[in-house]
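> can you look at this prediction? I've put the sequence above it.
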Amino acid sequence: SSGRLRQQFDILPPGDIRNCLVALADAPTLMRDLFQFRFEENSEFSGHSFGNLFITVMTRLTGDFEKAIKETSKVLALRGQVIPSTLNNVVLVAQHKDGSETVGEDKIPKTNRPIDKVSLQPASPQATPDAIKAIEEAQVIILGPGSLYTSIIPNLLIKEITDAVVSSGAIKVYVCNIMTQPGETDGYTASEHIKVLMGHSQPRVLDYSIVNTGEIPQSTLKRYAQQNSYLVINDRKKIENMGYRVIEDDFAIVENDVIRHDHVKLARIILGFIEEI
(Lines give C-alpha, C1' and ligand atoms only; values in the text may rest on other atoms or scores of the structure.)
Protein backbone atom coordinates (compact mmCIF):
# COMPACT_ATOMS: atom_id res chain seq x y z
CA SER A 1 0.00 0.00 0.00
CA SER A 2 1.03 3.64 -0.32
CA GLY A 3 1.23 3.84 3.49
CA ARG A 4 3.75 0.98 3.64
CA LEU A 5 5.74 2.57 0.83
CA ARG A 6 5.99 5.88 2.71
CA GLN A 7 7.01 4.12 5.90
CA GLN A 8 9.61 2.01 4.15
CA PHE A 9 11.24 4.98 2.43
CA ASP A 10 10.44 7.50 5.19
CA ILE A 11 9.35 10.35 2.93
CA LEU A 12 6.41 12.74 2.86
CA PRO A 13 3.37 11.95 0.67
CA PRO A 14 4.47 13.10 -2.80
CA GLY A 15 1.10 13.28 -4.62
CA ASP A 16 0.41 17.05 -4.44
CA ILE A 17 4.07 17.81 -5.06
CA ARG A 18 3.97 15.61 -8.17
CA ASN A 19 0.93 17.46 -9.52
CA CYS A 20 2.64 20.82 -8.99
CA LEU A 21 5.80 19.62 -10.70
CA VAL A 22 3.86 18.37 -13.72
CA ALA A 23 1.85 21.61 -13.91
CA LEU A 24 5.04 23.69 -14.19
CA ALA A 25 6.97 21.24 -16.35
CA ASP A 26 8.44 22.43 -19.62
CA ALA A 27 9.24 18.83 -20.53
CA PRO A 28 7.69 17.05 -23.53
CA THR A 29 4.10 15.84 -23.17
CA LEU A 30 5.29 12.24 -22.96
CA MET A 31 7.40 13.02 -19.89
CA ARG A 32 4.47 14.76 -18.18
CA ASP A 33 2.20 11.81 -19.00
CA LEU A 34 4.87 9.47 -17.65
CA PHE A 35 4.91 11.20 -14.27
CA GLN A 36 1.11 11.03 -14.05
CA PHE A 37 0.95 7.40 -15.18
CA ARG A 38 -0.78 5.19 -12.62
CA PHE A 39 -0.21 1.44 -12.51
CA GLU A 40 -3.14 -0.93 -12.97
CA GLU A 41 -4.74 -2.56 -9.94
CA ASN A 42 -3.35 -5.99 -10.80
CA SER A 43 0.18 -4.61 -11.06
CA GLU A 44 2.89 -5.07 -8.43
CA PHE A 45 2.79 -1.28 -8.03
CA SER A 46 -1.02 -1.09 -7.81
CA GLY A 47 -2.25 2.26 -6.51
CA HIS A 48 0.98 4.12 -7.26
CA SER A 49 1.83 6.64 -9.93
CA PHE A 50 5.19 6.58 -11.69
CA GLY A 51 5.82 10.15 -10.52
CA ASN A 52 5.39 9.19 -6.86
CA LEU A 53 7.79 6.27 -7.27
CA PHE A 54 10.30 8.52 -9.06
CA ILE A 55 10.23 11.09 -6.23
CA THR A 56 10.52 8.29 -3.66
CA VAL A 57 13.61 6.84 -5.33
CA MET A 58 15.10 10.32 -5.82
CA THR A 59 14.66 10.91 -2.08
CA ARG A 60 16.64 7.76 -1.36
CA LEU A 61 19.39 8.79 -3.78
CA THR A 62 19.73 12.36 -2.47
CA GLY A 63 18.94 11.51 1.14
CA ASP A 64 16.60 14.49 1.41
CA PHE A 65 13.00 15.10 0.29
CA GLU A 66 13.63 18.77 -0.48
CA LYS A 67 16.71 17.92 -2.58
CA ALA A 68 14.69 15.25 -4.37
CA ILE A 69 12.12 17.85 -5.42
CA LYS A 70 14.85 20.15 -6.73
CA GLU A 71 16.49 17.36 -8.72
CA THR A 72 13.14 16.21 -10.11
CA SER A 73 12.48 19.82 -11.13
CA LYS A 74 15.62 19.69 -13.27
CA VAL A 75 14.44 16.48 -14.95
CA LEU A 76 11.11 18.11 -15.83
CA ALA A 77 12.73 21.44 -16.83
CA LEU A 78 10.44 23.40 -14.51
CA ARG A 79 9.38 26.94 -15.33
CA GLY A 80 9.52 28.11 -11.74
CA GLN A 81 9.89 26.40 -8.37
CA VAL A 82 7.87 23.92 -6.35
CA ILE A 83 8.51 24.45 -2.64
CA PRO A 84 7.00 22.38 0.21
CA SER A 85 5.27 24.44 2.91
CA THR A 86 6.75 22.17 5.57
CA LEU A 87 9.02 19.15 5.77
CA ASN A 88 7.37 17.91 8.96
CA ASN A 89 5.37 14.72 8.47
CA VAL A 90 1.89 15.98 9.31
CA VAL A 91 -1.56 14.46 8.93
CA LEU A 92 -4.69 16.42 8.00
CA VAL A 93 -7.65 15.88 10.36
CA ALA A 94 -11.25 16.97 9.74
CA GLN A 95 -13.75 17.67 12.50
CA HIS A 96 -17.24 17.21 11.09
CA LYS A 97 -20.32 19.16 12.09
CA ASP A 98 -21.87 15.97 13.53
CA GLY A 99 -18.97 15.72 16.00
CA SER A 100 -17.14 12.89 14.22
CA GLU A 101 -13.51 13.04 13.05
CA THR A 102 -11.73 11.84 9.92
CA VAL A 103 -7.94 11.42 9.74
CA GLY A 104 -6.15 11.58 6.39
CA GLU A 105 -6.42 13.93 3.41
CA ASP A 106 -7.58 11.22 1.01
CA LYS A 107 -10.30 9.97 3.38
CA ILE A 108 -11.88 13.34 4.23
CA PRO A 109 -13.91 13.92 1.02
CA LYS A 110 -15.07 10.29 0.99
CA THR A 111 -16.98 10.58 4.27
CA ASN A 112 -19.60 12.91 2.71
CA ARG A 113 -20.16 14.55 6.08
CA PRO A 114 -20.17 18.39 6.33
CA ILE A 115 -16.84 19.69 7.62
CA ASP A 116 -16.63 22.09 10.56
CA LYS A 117 -12.88 22.64 10.48
CA VAL A 118 -9.59 20.96 9.62
CA SER A 119 -6.33 20.84 11.55
CA LEU A 120 -2.85 19.35 11.36
CA GLN A 121 -1.41 16.63 13.58
CA PRO A 122 1.02 17.13 15.11
CA ALA A 123 0.14 20.80 15.46
CA SER A 124 2.53 23.73 14.86
CA PRO A 125 4.71 22.33 12.05
CA GLN A 126 7.64 24.45 10.92
CA ALA A 127 7.56 26.21 7.57
CA THR A 128 10.45 25.66 5.20
CA PRO A 129 12.79 28.67 4.92
CA ASP A 130 12.45 28.57 1.12
CA ALA A 131 8.67 28.90 1.40
CA ILE A 132 8.93 31.93 3.69
CA LYS A 133 11.51 33.52 1.41
CA ALA A 134 9.31 32.99 -1.66
CA ILE A 135 6.36 34.65 0.09
CA GLU A 136 8.49 37.60 1.21
CA GLU A 137 9.78 38.14 -2.34
CA ALA A 138 6.43 37.67 -4.09
CA GLN A 139 4.64 40.46 -5.95
CA VAL A 140 1.38 38.50 -6.12
CA ILE A 141 0.28 35.61 -3.89
CA ILE A 142 -2.38 33.34 -5.40
CA LEU A 143 -4.50 30.91 -3.41
CA GLY A 144 -6.35 28.32 -5.48
CA PRO A 145 -8.03 27.08 -7.44
CA GLY A 146 -8.06 23.74 -5.68
CA SER A 147 -9.69 21.66 -2.98
CA LEU A 148 -10.58 24.11 -0.22
CA TYR A 149 -10.12 21.91 2.84
CA THR A 150 -7.52 19.44 1.59
CA SER A 151 -5.25 21.50 -0.71
CA ILE A 152 -5.48 25.24 0.06
CA ILE A 153 -6.24 25.54 3.77
CA PRO A 154 -3.56 23.04 4.98
CA ASN A 155 -0.82 25.46 3.90
CA LEU A 156 -2.41 28.24 5.96
CA LEU A 157 -2.60 26.01 9.04
CA ILE A 158 1.17 26.50 9.28
CA LYS A 159 1.30 29.67 11.39
CA GLU A 160 4.57 30.91 9.89
CA ILE A 161 3.07 30.66 6.39
CA THR A 162 -0.08 32.61 7.30
CA ASP A 163 1.93 35.23 9.19
CA ALA A 164 4.26 35.66 6.20
CA VAL A 165 1.32 36.08 3.80
CA VAL A 166 -0.34 38.64 6.09
CA SER A 167 2.92 40.60 6.48
CA SER A 168 3.69 40.53 2.78
CA GLY A 169 3.17 43.64 0.69
CA ALA A 170 2.15 41.48 -2.27
CA ILE A 171 -1.33 41.56 -3.78
CA LYS A 172 -3.22 38.53 -2.46
CA VAL A 173 -5.73 36.78 -4.71
CA TYR A 174 -8.11 33.88 -4.15
CA VAL A 175 -9.22 32.05 -7.29
CA CYS A 176 -12.55 30.50 -6.37
CA ASN A 177 -13.43 27.07 -7.73
CA ILE A 178 -15.97 26.97 -10.55
CA MET A 179 -17.72 23.87 -9.25
CA THR A 180 -18.48 22.62 -5.73
CA GLN A 181 -16.50 19.59 -4.60
CA PRO A 182 -18.43 16.56 -3.31
CA GLY A 183 -17.57 15.78 0.30
CA GLU A 184 -15.89 19.16 0.86
CA THR A 185 -17.88 22.15 -0.35
CA ASP A 186 -21.37 20.79 -1.10
CA GLY A 187 -23.72 23.75 -1.56
CA TYR A 188 -21.03 26.37 -0.88
CA THR A 189 -21.37 29.79 -2.50
CA ALA A 190 -18.28 31.84 -3.40
CA SER A 191 -18.53 33.85 -0.17
CA GLU A 192 -18.80 30.67 1.89
CA HIS A 193 -15.52 29.44 0.37
CA ILE A 194 -13.88 32.67 1.54
CA LYS A 195 -15.55 32.59 4.96
CA VAL A 196 -14.10 29.12 5.59
CA LEU A 197 -10.70 30.23 4.31
CA MET A 198 -10.70 33.17 6.73
CA GLY A 199 -11.88 30.98 9.60
CA HIS A 200 -8.76 28.86 9.20
CA SER A 201 -6.31 31.76 8.78
CA GLN A 202 -6.62 35.55 9.04
CA PRO A 203 -8.77 38.13 7.19
CA ARG A 204 -5.77 39.80 5.60
CA VAL A 205 -4.55 36.82 3.62
CA LEU A 206 -6.75 38.15 0.80
CA ASP A 207 -7.30 41.33 -1.18
CA TYR A 208 -9.15 40.04 -4.25
CA SER A 209 -11.41 37.16 -5.18
CA ILE A 210 -11.67 35.93 -8.76
CA VAL A 211 -15.09 34.42 -9.50
CA ASN A 212 -16.45 32.78 -12.64
CA THR A 213 -19.60 34.20 -14.25
CA GLY A 214 -19.47 32.20 -17.47
CA GLU A 215 -22.04 29.64 -18.54
CA ILE A 216 -21.37 25.92 -18.76
CA PRO A 217 -23.08 23.64 -21.32
CA GLN A 218 -26.10 21.93 -19.77
CA SER A 219 -24.84 18.51 -20.87
CA THR A 220 -21.64 19.04 -18.86
CA LEU A 221 -23.53 20.35 -15.83
CA LYS A 222 -25.78 17.29 -15.88
CA ARG A 223 -22.77 15.00 -15.91
CA TYR A 224 -21.26 16.87 -12.94
CA ALA A 225 -24.61 16.75 -11.12
CA GLN A 226 -24.44 12.97 -11.27
CA GLN A 227 -21.35 13.31 -9.07
CA ASN A 228 -23.09 15.86 -6.80
CA SER A 229 -20.99 18.73 -8.12
CA TYR A 230 -22.68 22.02 -9.03
CA LEU A 231 -21.79 25.55 -10.12
CA VAL A 232 -20.50 27.75 -7.30
CA ILE A 233 -22.98 30.61 -6.87
CA ASN A 234 -21.41 34.04 -7.23
CA ASP A 235 -22.75 36.08 -4.28
CA ARG A 236 -20.54 39.07 -4.99
CA LYS A 237 -22.21 41.48 -2.55
CA LYS A 238 -21.47 39.24 0.41
CA ILE A 239 -17.81 39.01 -0.61
CA GLU A 240 -17.57 42.80 -0.95
CA ASN A 241 -19.26 43.24 2.43
CA MET A 242 -16.47 41.10 3.86
CA GLY A 243 -13.99 43.72 2.61
CA TYR A 244 -12.65 42.05 -0.54
CA ARG A 245 -12.72 43.18 -4.15
CA VAL A 246 -14.28 40.83 -6.68
CA ILE A 247 -13.15 40.24 -10.25
CA GLU A 248 -15.79 38.58 -12.41
CA ASP A 249 -15.38 37.08 -15.87
CA ASP A 250 -16.07 33.99 -17.93
CA PHE A 251 -13.14 31.96 -16.63
CA ALA A 252 -14.59 28.54 -17.45
CA ILE A 253 -13.52 26.32 -20.31
CA VAL A 254 -14.60 22.75 -21.00
CA GLU A 255 -11.94 20.29 -22.17
CA ASN A 256 -12.94 16.67 -22.79
CA ASP A 257 -16.13 17.40 -20.81
CA VAL A 258 -14.04 18.54 -17.82
CA ILE A 259 -14.52 22.08 -16.47
CA ARG A 260 -11.33 24.03 -15.94
CA HIS A 261 -10.23 27.62 -15.43
CA ASP A 262 -9.05 29.47 -18.52
CA HIS A 263 -5.38 29.82 -17.59
CA VAL A 264 -4.78 32.48 -20.25
CA LYS A 265 -7.45 34.80 -18.80
CA LEU A 266 -6.23 34.15 -15.27
CA ALA A 267 -2.65 34.93 -16.30
CA ARG A 268 -3.75 38.16 -17.95
CA ILE A 269 -5.55 39.29 -14.78
CA ILE A 270 -2.58 38.37 -12.57
CA LEU A 271 -0.08 40.12 -14.85
CA GLY A 272 -2.35 43.16 -14.65
CA PHE A 273 -1.88 43.19 -10.88
CA ILE A 274 1.88 43.16 -11.29
CA GLU A 275 1.72 46.10 -13.71
CA GLU A 276 -0.21 48.11 -11.09
CA ILE A 277 2.45 47.63 -8.42
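Looks like it came in fine.

> bridging residues for Y208?
When bridges are taken as DSSP bridges, the partners of Y208 come out as V173, R245.

> these two touch, right, it and V246?
Yes - using Cβ atoms under 8 Å, Y208 is in contact with V246, at 7.4 Å. No exception for glycine: its C-beta is placed from N, CA and C like everyone else's.

> quick check, N228 in contact with M179.
No - contact between N228 and M179 fails when scored by Cβ under 8 Å: they sit 10.3 Å apart.

> neighbour-wise, which of those two wins?
Taking N228 and M179 together and counting by other Cβ atoms under 10 Å, M179 has the greater number of neighbours (19 against 13).

> what separates the residue lying closest to that one once chain neighbours are set aside from T185, distance-wise?
Distances taken as Cβ to Cβ, 6 or more residues apart in numbering place S229 nearest to M179, at 4.8 Å, with adjacent residues excluded. When distances are taken as Cβ to Cβ, to the nearest Å, S229 and T185 turn out to be 9 Å apart.

> could you check which of the two has the larger neighbour count?
Ranked by neighbour count (other Cβ under 10 Å), S229 and T185 place T185 first, with 23 against 19.

> which ones are touching the more buried one?
Residues near T185 by Cβ atoms under 8 Å, 6 or more residues apart in numbering: 148-149, 177, 192-193, 232.

> now those residues in JSON lines, with distance to R60 and neighbour count?
Putting the contacts of T185 into JSON lines (distance: Cβ to Cβ, whole Å; neighbours: other Cβ atoms under 10 Å) gives the following:
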{"residue": "L148", "distance to R60": "34", "neighbour count": "25"}
{"residue": "Y149", "distance to R60": "32", "neighbour count": "22"}
{"residue": "N177", "distance to R60": "36", "neighbour count": "24"}
{"residue": "E192", "distance to R60": "43", "neighbour count": "18"}
{"residue": "H193", "distance to R60": "39", "neighbour count": "22"}
{"residue": "V232", "distance to R60": "42", "neighbour count": "22"}
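
> now for those residues: which two are most distant?
Y149 and V232 (14.7 Å; Cβ to Cβ).

> what is the nearest of the contacts of T185 to G47?
Distance ranking of these against G47, using Cβ to Cβ, places Y149 first at 22.8 Å.

> tell me the contacts of that closest one?
Counting by Cβ under 8 Å, 6+ apart, Y149 makes contact with 94, 108, 115, 118, 184-185, 196.

> 6 Å instead?
Taking Cβ atoms under 6 Å, 6 or more residues apart in numbering, we find Y149 in contact with 115, 118, 184.

> just the closest of those residues to V103, please.
Among those, and counting by Cβ to Cβ, the member closest to V103 is V118, at 10.7 Å.

> so the closest one sits in a strand?
Yes - under DSSP: H, G, I helix; E, B strand; the rest coil, V118 sits within a strand.

> list the contacts of stretch 20-31.
Contact with stretch 20-31 is made by 32, 35-36, 76-80, 82, as judged by Cβ under 6 Å, 6+ apart.

> do stretch 87-96 as well
Residues lying outside stretch 87-96 but in contact with it, judged by Cβ under 6 Å, 6+ apart, are 12, 101-103, 105, 108, 113, 115-121, 125-126, 128, 154.

> before we move on, back to that, show me the two of the contacts of stretch 20-31 that sit farthest apart.
By the measure Cβ to Cβ, Q36 and G80 form the most distant pair in the contacts of stretch 20-31, at 18.3 Å.
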